[in-house]
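Engineer: pasting the sequence and the predicted model now:
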Amino acid sequence: MPSAQHEILDSNLFDDYKELLDNKFSEGLRRFLVDLDDLMGKVQSGFEQGDTGVIHEAVHCLKSSSALVGALPLSKLSHKTETQIKCGVSPSQNDIDTLNTAAADLRNRLWEELQNAG
């Protein structure tokens, strides 16, 4: 469980996302979750194949989309991985595991939000 200082979602940003989507909130959140799974699959596949280009593309998308919903920890981790790759450093297994954990925590938290919304 994340500590209070390491919240999975920034509540103000998440509320802004809800307001932005209004009556399409549940649909938009479901779409985000599908995209999250797809992008994390690409990260894992790119790592297994040693293809940093695939990882870079996926974390670039994760960085912005997770920030949009208020998932700042995942956005920051994605940015770190993106920067690492730009500097010629391949992500380690630990880096990928950390991204996977952050994505799983976010996924669980967003499913809670969907259940509360509907």
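Structural biologist: Structure's in. What do you need?
Engineer: pull out the buried residues from stretch 10-22.
Structural biologist: 10, 13-14, 17-18, 21 (16 or more other CB atoms under 10 Å). Backbone N, C-alpha and C define where each C-beta goes, glycine included.
Engineer: pLDDT on the helix or strand encompassing Ser78, on average?
Structural biologist: Counting by DSSP states H and E, the element that carries Ser78 is helix 72-86. Across helix 72-86, the average pLDDT comes to 97.
Engineer: low-confidence regions, the chain specifically.
Structural biologist: Segments of the chain classed as low confidence (criterion: pLDDT under 70) are 1-6, 118.
Engineer: please repeat the previous calculation with a cut-off of 50.
Structural biologist: Scanning the chain for pLDDT under 50 picks out 1-5.
Engineer: for the helix or strand that comes right after the helix holding Ser78, name the packing helices and strands.
Structural biologist: Where DSSP H and E defines the elements, the next helix or strand beyond helix 72-86 is helix 93-117. Contact partners of helix 93-117 among helices and strands, from 3 or more CB pairs under 8 Å, 6 or more residues apart in numbering; DSSP states H and E: helix 25-49, helix 52-69, helix 72-86.
Engineer: buried ones in helix 93-117?
Structural biologist: Buried, per 16+ other CB under 10 Å, within helix 93-117: 95-96, 98-99, 102-103, 105-107, 110, 113.
Engineer: cool, stretch 22-36 as well?
Structural biologist: Per 16+ other CB under 10 Å, stretch 22-36 contains these buried residues: 25, 28-29, 32-33, 36.
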